[in-house]
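Enquirer: only the shape, not the letters, is given here:
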C-alpha cells in the first residue's frame, strides 16, 4: 500500500520503517532538511537499537524514501500518518500547533480519497478536530475530496521500539468509517498475522489482537494505558518509601505482589521515578482532560505528585549521607531517562543534577550514549568521559539510569578513586551485600 508518514521523530521513523519492512511503499516526510539528508544517507538521527539497519535495508529495497516535500508526499500516497510532536503546555494540555499545521497542509494538498491516521498521542476529540481543519482548508472546497480519519495510537517502548513495532501486544484502530477500517486492517495484515521476515526469523508466531473501535475510545485507550502504567510505578515507589520506614525490603514485597496474576510483576520496580516523552505528558494530559470535562482526576494528580517527590528522595538521601552538599563532588551515572535510548526528555537525571548544582555541588555526569548536556540541564554540569572519570575524587556516586554496563562496574577501582565510598542506587540494580562488604555506604530505594 502507498503510505506517507509526516514527521520523522521517534514515532514517525519507527512507524515508517516498520511498514516498509512488511512490504508497503513508504515516504517519510519532514521539513527538517538536515534530518532528511541524514536519513537519505541511511543514518539514524535517534539512538534506537536495530533501527538504522532497517532504514538502510529498506532504502536499498526501494520500499522506503525520505523527502522534505511534504505536500508532494501527501498527494502521491493513499494513507497519511500524522506523527508530529504534541508537547505539553504549562497547564498539561497538549500543544497541537504542529498537528493543526499538518492538517491544514493536508487540506490544501488533497487530490483524491485519503485516509488520515493520527499516530501521534493526541487529546480526546482530535480525530474530529483534524477532519474539521482539513475540510476547512480544501483548496477548491467542492466536496469531491473524500477523507476518512483514523485514530491508531502507538505503544512503543524506547529501547525496544523495533520489536514493539513488529510484534505489538495489540493494534488499535478507531474510526467511524468502515471503509477506512478495512483499509487499515489490510495495511496491518502482515503484522497481525506475523507473516513477514522479521517475525519468522524471531519466531514471533503469535497472532496479534486487533481492536476495532470508535476514534474517541481509541484516543482514550492510549492515554489510559500510559496513565495506568505510570500509576503502578508511582504506587510501588510509595510502597518503597514505606519499606524504608518500617524496615521491609521492597524487592521481596514486589516479588510477593507480582505473583498475584491480578497484579503481575511488570512496572513494579521501585526507583527514582518515571520520565521520558510519554508518561509525564500523557498523565498530565489525561488529568487536564478530566478536569476540563468536570471529572475529578484525584488519582492522576497523586501519581504525578508521587513521581515528582521520588526524584527529591534521592537528593534527600544524599543530604543524609553528606550533610551539607555545597562543594561536594557528586558523580551521576545515567542521563537518558531509561537505558537503550538517548532521550533525555523529562529524565529524572535532569531534576537530580540541577538540584545538586543548585545546592552548590560539582556534578560529573556520565552516560554511555548521551554525550552532551541536555538543554534543560544546568550548563555547570561536567559531562564525564567514563564512569571512572565521573567517580574520581567523588564524595558520592548516584546511579540514575539502569544501563547494563553500570551493573558490571569495577567497584574495587571505584572505591580506590572515590574520595568517600558513598553510593545511592536509584534503580536497585547493584548488589547491596557485595558493596557493603567492600566498605561502601550503600543506599537503595526501599531496601
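Expert: Nice, thanks for sending it over. Everything quoted here is computed from the prediction, not taken from an experiment. Residues are numbered from 1 along each chain as shown.
Enquirer: run through this structure and note the low-pLDDT ranges.
Expert: Low-confidence segments of the chain (pLDDT under 70): 140-144, 204-205.
Enquirer: and the longest helix for it?
Expert: helix 215-246 (DSSP state H).
Enquirer: chain center to that helix, what's the gap?
Expert: 15 Å (CA atoms, centre = their mean, to the nearest Å).
Enquirer: got a list of contacts for the helix or strand following it?
Expert: Heading C-terminal from helix 215-246, the first helix or strand you meet, by DSSP states H and E, is helix 250-258. Outside helix 250-258, the residues that touch it by CB atoms under 8 Å, 6 or more residues apart in numbering are 236, 239-240, 243, 263-265, 268-270, 428, 445-447. In short, each C-beta sits where N, CA and C put it, glycine included.
Enquirer: go again using 10 Å as the cut-off
Expert: 236-237, 239-244, 249, 263-266, 268-271, 428, 432, 444-447 (CB atoms under 10 Å, 6 or more residues apart in numbering).
Enquirer: strands along the stretch 251-400 of the chain, start to end?
Expert: 329-333, 362-366, 382-383, 396-399 (DSSP state E, counting those that start in this stretch).
Enquirer: out of the ones you listed, the one nearest residue 53 is which?
Expert: strand 362-366 (26.9 Å; CB to CB).
Enquirer: check which helices and strands the closest one is in contact with.
Expert: In terms of contacts (3 or more CB pairs under 10 Å, 6 or more residues apart in numbering; DSSP states H and E), strand 362-366 is packed against strand 329-333, helix 348-358, strand 382-383, helix 387-391, strand 396-399.
Enquirer: list the helices and strands the first one packs on?
Expert: For strand 329-333, the elements it packs on are helix 298-322, helix 348-358, strand 362-366, strand 382-383, helix 387-391, strand 396-399, strand 422-425, judged by 3+ CB pairs under 10 Å, 6+ apart.
Enquirer: if we go to 8 Å?
Expert: Judged by 3 or more CB pairs under 8 Å, 6 or more residues apart in numbering; DSSP states H and E, strand 329-333 is in contact with helix 348-358, strand 362-366, helix 387-391, strand 396-399.
Enquirer: ok, that strand: who's next to it in the sheet?
Expert: Its sheet considered, strand 329-333 pairs with strand 362-366 (parallel), strand 396-399 (parallel) by DSSP bridges.
Enquirer: now find how far off-centre that strand is within its chain.
Expert: Worked out by CA atoms, centre = their mean, strand 329-333 lies 25 Å from the chain centre.
Enquirer: between helix 348-358 and that strand, find me the angle.
Expert: On the basis of axes from the mean of the first three to the mean of the last three CA atoms, to 10 degrees, strand 329-333 is oriented at 170 degrees to helix 348-358.
Enquirer: so what touches strand 329-333?
Expert: By CB under 8 Å, 6+ apart, strand 329-333 touches 318, 349, 352-353, 356, 361-367, 381, 384, 387, 390-391, 393-401, 403, 406, 418-419.
Enquirer: for residue 372, which non-adjacent residue is spatially closest?
Expert: residue 383 (6.4 Å; CB to CB, 6 or more residues apart in numbering).
Enquirer: compute the number of surrounding residues for that neighbour.
Expert: 18 (other CB atoms under 10 Å).
Enquirer: how about the helices in the stretch 101-250 of the chain?
Expert: Counting by DSSP state H, counting those that start in this stretch, the stretch 101-250 of the chain has these helices, from start to end: 126-136, 161-166, 178-193, 197-201, 215-246, 250-258.
Enquirer: tell me which of the ones you listed sits most buried.
Expert: Counting by mean count of other CB atoms under 10 Å, helix 161-166 has the highest mean neighbour count of the helices of the stretch 101-250 of the chain, with a mean of 21.
Enquirer: which other helices and strands does that one contact?
Expert: Against helix 161-166 (3+ CB pairs under 8 Å, 6+ apart) you get helix 10-21, helix 51-61.
Enquirer: which residues are contacting the longest one?
Expert: With CB under 8 Å, 6+ apart as the test, helix 10-21 has contacts from 3, 5-6, 8, 26, 28, 30, 39, 44-46, 48, 51, 54-55, 57-58, 61, 63-64, 81, 83-84, 119-120, 154, 156, 158, 161-162, 165-166, 187, 191, 196-198, 277, 343.
Enquirer: which of these are buried?
Expert: Buried residues within those, defined by neighbour count using 16 or more other CB atoms under 10 Å: 3, 5-6, 8, 26, 28, 30, 39, 44-46, 48, 51, 54-55, 57-58, 63-64, 81, 83-84, 119-120, 154, 156, 158, 161-162, 165-166, 187, 191, 196, 198, 277, 343.
Enquirer: rewinding a little: can you redo the helices and strands packed on strand 362-366 as CSV with distance to residue 130?
Expert: Output for those, formatted as CSV (distance: least, CB to CB, whole Å):
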stretch, distance to residue 130
strand 329-333, 41
helix 348-358, 32
strand 382-383, 41
helix 387-391, 46
strand 396-399, 43
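Enquirer: still on that earlier bit, need the helices and strands packed on helix 161-166 in CSV (columns: distance to residue 323).
Expert: Shown next, in CSV, are those (distance: least, CB to CB, whole Å):
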stretch, distance to residue 323
helix 10-21, 42
helix 51-61, 46
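Enquirer: closest one to residue 105 among the ones you listed?
Expert: Short answer: helix 10-21, nearest of the helices and strands packed on helix 161-166 by CB to CB, at 15.0 Å.
Enquirer: that closest one vs helix 51-61, what angle?
Expert: 40 degrees.
Enquirer: need the next SSE after helix 10-21, C-terminal direction.
Expert: Next along the chain after helix 10-21, with elements defined by DSSP H and E, is strand 25-29.
Enquirer: run through who's touching stretch 189-198.
Expert: With CB under 8 Å, 6+ apart, stretch 189-198 has contacts from 18, 21-23, 166-168, 171, 185, 200, 204-208, 210.
Enquirer: tell me the buried residues within these.
Expert: Among the contacts of stretch 189-198, the ones that count as buried (16+ other CB under 10 Å) are 18, 21-23, 166-168, 171, 208, 210.
Enquirer: out of the residues you listed, who's nearest residue 373?
Expert: residue 18 (32.1 Å).
Enquirer: any idea how far residue 28 is from that closest one?
Expert: 11 Å (CB to CB, to the nearest Å).
Enquirer: sorry, back to before: now the strands paired with strand 329-333 in JSON lines, with distance to residue 216?
Expert: Output for the strands paired with strand 329-333, formatted as JSON lines (distance: least, CB to CB, whole Å):
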{"stretch": "strand 362-366", "distance to residue 216": "43"}
{"stretch": "strand 396-399", "distance to residue 216": "42"}
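Enquirer: quick check: which of those strands is nearest to residue 91?
Expert: strand 362-366 (30.9 Å).
Enquirer: contacts made by the closest one with the rest, please.
Expert: 327-335, 349, 353, 356-357, 380-387, 389-390, 394.
Enquirer: quick one: buried ones out of these?
Expert: Buried among these (16+ other CB under 10 Å): 328-335, 349, 353, 356-357, 381-384, 387, 390, 394.
Enquirer: you'd agree residue 4 is in a strand?
Expert: Yes. Checked against DSSP: H, G, I helix; E, B strand; the rest coil, residue 4 lies within a strand.
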